[in-house]
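Student: Could you work out the structure for the sequence below:
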Amino acid sequence: MDTRQKIIDAAIIVLNEDFSSPLDKIAERTDLSRRTLHRYFTDRAELIEACREDMLRTWQAAMLQACGSTEDPLLQLEQMLYAGIDCGVRYIFLHKLLSQPEANKATGIPQNTTYETTRDNWFQLIPALQRRQLISEQVNAAWIRLLFIQMISVTVQAYQSGDIAQNDIKQLAWYSFRRSIGME
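Tutor: Below you'll find the predicted structure:
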């Protein structure tokens, strides 16, 4: 792995835990000096932008693969959950970063139309599943999306803690998510 990517990976982990962490903490995590970090990124905003681009690429590729794996909206939703889990901390931090316009303004990061388009496509799955009476109509798409995001977050935390058998974690997440939106 090259140094630039090593810095980006460390920044994603550190900034996901505490967005206000100083660059020194990121440099420490990579076992590099802050001076070396500045050779690759002139400032914090540039590093955050590099993280955002890296996370968007990873997330978008995973979601496109999940959606393209089948025409069945139910299977697409399941595969998208698994893809989000596979993206791990990248997905969680990307969501945090893109869902906080004030943080984006502070760093100069604009809203991303690709992210918004993919998010909107996700929202279209829910009404399709509700029309097929596979998801409860008592739960709206915005609520389901929040449950989806938090299920990924909880699953990643459980995976990192080691408290749940790693072989079962995705199926457990899907079962829990499915039940939370009124599916049998």
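Student: what's the burial count for Ala142?
Tutor: Neighbour count for Ala142, taken as other C-beta atoms under 10 Å: 10. From N, CA and C alone the C-beta is placed, and that goes for glycine too.
Student: measure it to Phe123 for me?
Tutor: 8 Å (C-beta to C-beta, to the nearest Å).
Student: go on, Leu81?
Tutor: 15 Å.
Student: In terms of neighbours, single out the busier of those two.
Tutor: Neighbours were counted for Leu81 and for Phe123 using other C-beta under 10 Å; Leu81 has more, 20 against 12.
Student: ok now stretch 173-184, how far from the chain's centre?
Tutor: Averaging C-alpha positions (C-alpha atoms, centre = their mean, to the nearest Å) puts stretch 173-184 19 Å from its chain's average.
Student: whoops, stretch 86-102 was the one
Tutor: Here stretch 86-102 is found 5 Å from its chain centre; the criterion is C-alpha atoms, centre = their mean.
Student: Quick one: list the elements packing against the helix ranked longest in the chain.
Tutor: Taking DSSP state H as the criterion, the chain has its longest helix at helix 44-68. Based on contacts counted as 3 or more C-beta pairs under 8 Å, 6 or more residues apart in numbering; DSSP states H and E, the elements that helix 44-68 packs against are helix 3-17, helix 23-30, helix 73-87, helix 89-98, helix 101-107, helix 113-131.
Student: Just the buried residues of that helix, please?
Tutor: For helix 44-68, a neighbour-count test (16 or more other C-beta atoms under 10 Å) marks 44, 47-52, 54-56, 58-60, 62-63, 66-67 as buried.
Student: what angle separates it from helix 89-98?
Tutor: 120 degrees (axes from the mean of the first three to the mean of the last three C-alpha atoms, to 10 degrees).
Student: pLDDT wise, what is Asn104 at?
Tutor: pLDDT for Asn104: 49.
Student: same check, this time on the one 4 residues further on
Tutor: For Gly108, the model assigns a pLDDT of 53.
Student: Kindly report the same for Val14.
Tutor: For Val14, the model assigns a pLDDT of 94.
Student: Do I have it right that it meets Ala27?
Tutor: No. The criterion here is C-beta atoms under 8 Å, and Val14 misses it with Ala27 at 9.7 Å.
Student: State the distance from Tyr159 to Leu172.
Tutor: Counting by C-beta to C-beta, the gap from Tyr159 to Leu172 is 11 Å.
Student: Overlap of the contact sets of these two?
Tutor: Counting by C-beta atoms under 8 Å, 6 or more residues apart in numbering, Tyr159 and Leu172 have no common neighbour.
Student: one step back: need the least confident one among the helices and strands packed on helix 44-68, by mean pLDDT.
Tutor: Taking the mean pLDDT of the helices and strands packed on helix 44-68, helix 101-107 comes last: a mean of 51.
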